[in-house]
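Enquirer: Compute the structure for the input listed below.
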Amino acid sequence: MYNNASHSIYANPNVGEIDDDKVHGLYLCRGDVAPKDCQNCIDMASERIQRECPLKKKAIIWYDQCLVRYSDIPNFASKFNVSSYYWIVYNSESFSWMNQVKGISDAMFDNLTPKVTNDLKYAESLDEITPLSLSQKLYGMVQCIPDLSAEDCRACLKGARSVIPKSIPRECRVVHESCHLSYQFKNPDEGRAVAPPPPSPTTGDKYKVYLCLDQY
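Expert: Residues are numbered from 1 along each chain as shown. Just a heads-up that it's a prediction; the model follows:
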């Protein structure tokens, strides 16, 4: 379904065949993922999506390091649809100072969003913060499908921010077919932590590892 571009985090839609109908597919790895890890994630996601979504016109699968998506619509990667966002809470522990923490995370995403208009449509930050007696490092990441326009990328990320739980958990990720974002609050001596692997789709409806739409 995808071309073997092991030194790239992104492959533009290409054409394959499913039951004599054309399907256009893409993959996207997180901007900081090494090529080897990117390739491993794509291999795993491509196998999984074909197993979970047989004979579907549209499908998408998300992992922490990559996503794989296909559709019967040409040039679908450049189109932004206001469809469902899914949020994943890796650590549901919240803060006593939610208003201050929300202000800090909002400021971080306000700063990251204009930077995501680069060619990779990816931006991240890692800052030490000390609101009141809280000493933490805040890691944030935003990313859009590279074919998406800057305007649609900003719109997609705005929608993603709107569904972050109001409780402001310590670690959270929001995914959409055209963009995704995440943040993590960590103790300074932990540095930047790698998010855990996604749970099985049977563990609850707050996380959907794959989405299958329309049967051939």
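Enquirer: How about the secondary structure of the spatially most central residue of the chain?
Expert: Among the residues of the chain, the smallest C-alpha distance to the mean C-alpha position (CA atoms, centre = their mean) belongs to H180, namely 3.3 Å. Reducing the assignment to helix, strand or coil with DSSP: H, G, I helix; E, B strand; the rest coil, the entry for H180 is strand.
Enquirer: Can you give the domain ranges for the chain?
Expert: Recorded structural domains for the chain (assignment: automatic domain parsing) are 10-79+206-215, 86-190.
Enquirer: about what we covered before: quick check: bridge partners of the residue nearest to the centre of the chain?
Expert: For H180, the beta-bridge partners are Q143, V175 (DSSP bridges).
Enquirer: again with S125
Expert: Listed beta-bridge partners, S125: G140 (assigned using DSSP bridges).
Enquirer: residues contacting it?
Expert: By CB atoms under 8 Å, 6 or more residues apart in numbering, the contact set of S125 is M108, N111, L112, L138, Y139, G140. All C-beta spots, glycine's among them, are computed from the backbone N, C-alpha and C.
Enquirer: Find the nearest non-adjacent residue to V89, please.
Expert: Distances taken as CB to CB, 6 or more residues apart in numbering place P169 nearest to V89, at 4.8 Å, with adjacent residues excluded.
Enquirer: now A155
Expert: F80 is the one closest to A155 (CB to CB, 6+ apart), at 6.3 Å.
Enquirer: Count the neighbours of the one you found for me.
Expert: The number of residues packed near F80 is 21, by other CB atoms under 10 Å.
Enquirer: correct me, but it touches R154?
Expert: No. F80 is beyond contact range of R154, at 10.0 Å (criterion: CB atoms under 8 Å).
Enquirer: so V68 sits right up against Y27, yeah?
Expert: Yes. Counting by CB under 8 Å, Y27 is a contact partner of V68 at 4.9 Å.
Enquirer: how about the strands in this protein?
Expert: Ranges of strands within the chain are 10-18, 21-29, 56-62, 66-71, 86-91, 122-129, 136-144, 171-175, 179-186, 210-215, based on DSSP state E.
Enquirer: Of these, which is nearest M98?
Expert: With CB to CB, the closest approach to M98 among the strands of the chain belongs to strand 179-186: 11.9 Å.
Enquirer: chain center to the closest one: distance?
Expert: Mean C-alpha position of strand 179-186 versus that of the full chain (CA atoms, centre = their mean, to the nearest Å) differs by 9 Å.
Enquirer: For stretch 73-82, buried residues please.
Expert: Within stretch 73-82, the residues that count as buried by 16 or more other CB atoms under 10 Å are F76, A77, F80.
Enquirer: residue contacts, R161?
Expert: R161 sits next to D106, F109, V174, L181 when contact means CB under 8 Å, 6+ apart.
Enquirer: ok, the closest residue to the first one other than its chain neighbours to S182 distance?
Expert: It refers to D106. Leaving aside its chain neighbours, D106 sits nearest to R161 (7.9 Å; criterion: CB to CB, 6+ apart). As judged by CB to CB, to the nearest Å, R161 and S182 stand 11 Å apart.
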